[in-house]
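[1] structure here, sequence nowhere to be found:
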DNA sequence: TACGCGTGGGC
DNA sequence: TGCCCAAGCGT
């Protein structure tokens, strides 16, 4: 049964009037005059936006493009500087792949991104979504993006009740069937904007929706219930201890986590392993350990973490434990959020210990 | 294919 | 409060 419904005309008309301004975008009126965005900006923003809100990305995009205005500048950056600049944004493999990709494009492609999905997919950190987004948005190439927004919009327009992720390929085909014959970049951004502002997961704004007359789910009164999703298992809770080691001159001991795995490549406090029961206190060095009362609670993608904090003074430590970072060089913003929480507890204790009334 | 991988905001 | 969610990718 051929599907004759098409929403691209309504969507583009709506987008021309309601496109949200973002620092990495070229507005539809300028795009209609032939202007296109900087592919470096499109790539950087799309990687930052993977599983991440526009609000969270804003500051990071500004910081990156100010500090590294061209992809060649990013390619020349130190690993530690890029990881520090990414700290707090999460999914740190993105930052490692970002740098790999920048260096490859700079060294092998003369700083120019490929224009096809097939070639883009070969680059580190660029998967099916990001390849399609760069093709459509940066080059106005014919590519259909499929992200969470598009999945939701298609599931509702066509009242697809099969649950995700099983329904993904069906939704991909529907999204492809809706592509217009021009303005691919505007169309991609239009569907995603609709999903982000009108066709939202909750508190839908159907009264403002330009395609409501064509929406099967709305007609059936089931739009808020779609898309169906297979339920996720409950997160377990893990427990551990973080060790903050302070030298008399105020320097702090930090360790670089291995590139693979959780918080890979990030600067962290030395920790016990994180297990399903309270960790035994196994001090990494012999010192005057002091247990702090407050405990860090943090939730990762697939587990909760309860992290006790212990504090000690020491003048030296074995190099395999980490390296002292001087008070002048220490920047808590370079730590991942869970480790920033540890510092927020430890620094109060250090402050109290050093206050005049204590001495 | 299914799982590992962060974080902050909303309700 | 605890759960869901956000412009996914790599393995």
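    Structure received. Here the structure is a predicted model, which is why all the values come from computation and not from measurement.

[2] could you use CA atoms for every contact and neighbour count after this?
    Fine.

[3] the residue sitting nearest the centre point of chain A: what secondary structure?
    Most central in chain A under CA atoms, centre = their mean is residue A:52, positioned 4.1 Å from the mean C-alpha point. Here residue A:52 takes the coil state, with states given by DSSP: H, G, I helix; E, B strand; the rest coil.

[4] any idea how far residue A:244 is from it?
    Computed as CA to CA, to the nearest Å, the residue A:52 to residue A:244 distance reads 30 Å.

[5] so stretch A:260-272, near DNA strand B or not?
    Yes: applying CA under 7 Å from any atom of the strand, one finds stretch A:260-272 in contact with DNA strand B at A:261, A:262, A:263, A:264.

[6] of those residues, which is the most crowded?
    With neighbours defined as other CA atoms under 10 Å, the most crowded of the residues of stretch A:260-272 next to DNA strand B is residue A:263; it has 20 neighbours.

[7] residue contacts, it?
    Neighbour list for residue A:263: A:91, A:92, A:257, A:336 [criterion: CA atoms under 8 Å, 6 or more residues apart in numbering].

[8] those: which ones sit near DNA strand B?
    A:91, A:92, A:336.

[9] what about the first one, distance to residue A:199?
    Meaning residue A:91. Applying CA to CA, the value for residue A:91 to residue A:199 is 26 Å.

[10] next one: the last one
    Using CA to CA, residue A:336 is found at 32 Å from residue A:199.

[11] which of the two has more neighbours?
    Shown here are residue A:336 and residue A:199; by other CA under 10 Å, residue A:199 has more neighbours (25 against 21).

[12] re earlier: which one among the ones next to DNA strand B among the contacts of residue A:263 gets closest to residue A:83?
    Nearest to residue A:83 out of these is residue A:92 (CA to CA; 7.7 Å).

[13] what does chain A put close to DNA strand B?
    Close to DNA strand B, as judged by CA under 7 Å from any atom of the strand, chain A has residues A:51-52, A:56, A:87-93, A:202-203, A:261-264, A:299-302, A:336-338.

[14] which element, helix or strand, includes residue A:155?
    Assigned by DSSP states H and E, residue A:155 belongs to helix A:148-157.

[15] hmm, who's touching that helix?
    Counting by CA under 8 Å, 6+ apart, A:160-161, A:168, A:171-172, A:174-175, A:191-192, A:194-196, A:199-201, A:214-218, A:223, A:226-227 sit against helix A:148-157.

[16] list the buried residues of that helix.
    A:149, A:150, A:151, A:152, A:153, A:154, A:155, A:156, A:157 (16 or more other CA atoms under 10 Å).

[17] list the buried residues of the following helix or strand past it.
    Toward the C-terminus, helix A:148-157 is succeeded by helix A:168-177 as the next helix or strand (DSSP H and E). Within helix A:168-177, the residues that count as buried by 16+ other CA under 10 Å are A:168, A:171, A:172, A:174, A:175, A:177.

[18] poorly predicted segments of the stretch 1-150 of chain A, please.
    Along the stretch 1-150 of chain A, the model assigns pLDDT under 70 to residues A:1-3.

[19] helices of that one, residue ranges please.
    For the stretch 1-150 of chain A, the helices defined by DSSP state H, counting those that start in this stretch occupy A:8-18, A:28-32, A:39-48, A:54-67, A:71-75, A:79-86, A:93-108, A:117-120, A:128-133, A:139, A:148-157.

[20] TSV for those, including distance to DNA strand C?
    Shown next, in TSV, are the helices of the stretch 1-150 of chain A (distance: least, CA to the nearest atom of the strand, whole Å):
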stretch	distance to DNA strand C
helix A:8-18	12
helix A:28-32	13
helix A:39-48	5
helix A:54-67	6
helix A:71-75	17
helix A:79-86	15
helix A:93-108	7
helix A:117-120	10
helix A:128-133	4
helix A:139	15
helix A:148-157	4
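
[21] and the ones you listed as JSON lines, adding distance to residue A:348?
    Shown next, in JSON lines, are those (distance: least, CA to CA, whole Å):
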{"stretch": "helix A:8-18", "distance to residue A:348": "47"}
{"stretch": "helix A:28-32", "distance to residue A:348": "50"}
{"stretch": "helix A:39-48", "distance to residue A:348": "32"}
{"stretch": "helix A:54-67", "distance to residue A:348": "27"}
{"stretch": "helix A:71-75", "distance to residue A:348": "36"}
{"stretch": "helix A:79-86", "distance to residue A:348": "23"}
{"stretch": "helix A:93-108", "distance to residue A:348": "31"}
{"stretch": "helix A:117-120", "distance to residue A:348": "47"}
{"stretch": "helix A:128-133", "distance to residue A:348": "42"}
{"stretch": "helix A:139", "distance to residue A:348": "51"}
{"stretch": "helix A:148-157", "distance to residue A:348": "41"}
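
[22] how about the residues of chain A by DNA strand C?
    Within chain A, the residues that sit near DNA strand C (CA under 7 Å from any atom of the strand) are A:22, A:45-46, A:49-54, A:91, A:97, A:121, A:123-131, A:147-149, A:152, A:189, A:192-193, A:195-196, A:200-201, A:229, A:231-232, A:234-235, A:301.

[23] mind giving me the PyMOL command for buried ones among those?
    Under the burial definition 16+ other CA under 10 Å, those of the residues of chain A next to DNA strand C that qualify are selected in PyMOL by:
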select buried, chain A and resi 45+46+49+91+97+121+123+124+125+126+127+129+130+131+147+149+152+189+192+193+195+196+200+201
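
[24] so residue A:277 sits right up against residue A:236, yeah?
    No: contact between residue A:277 and residue A:236 fails when scored by CA atoms under 8 Å: they sit 10.8 Å apart.
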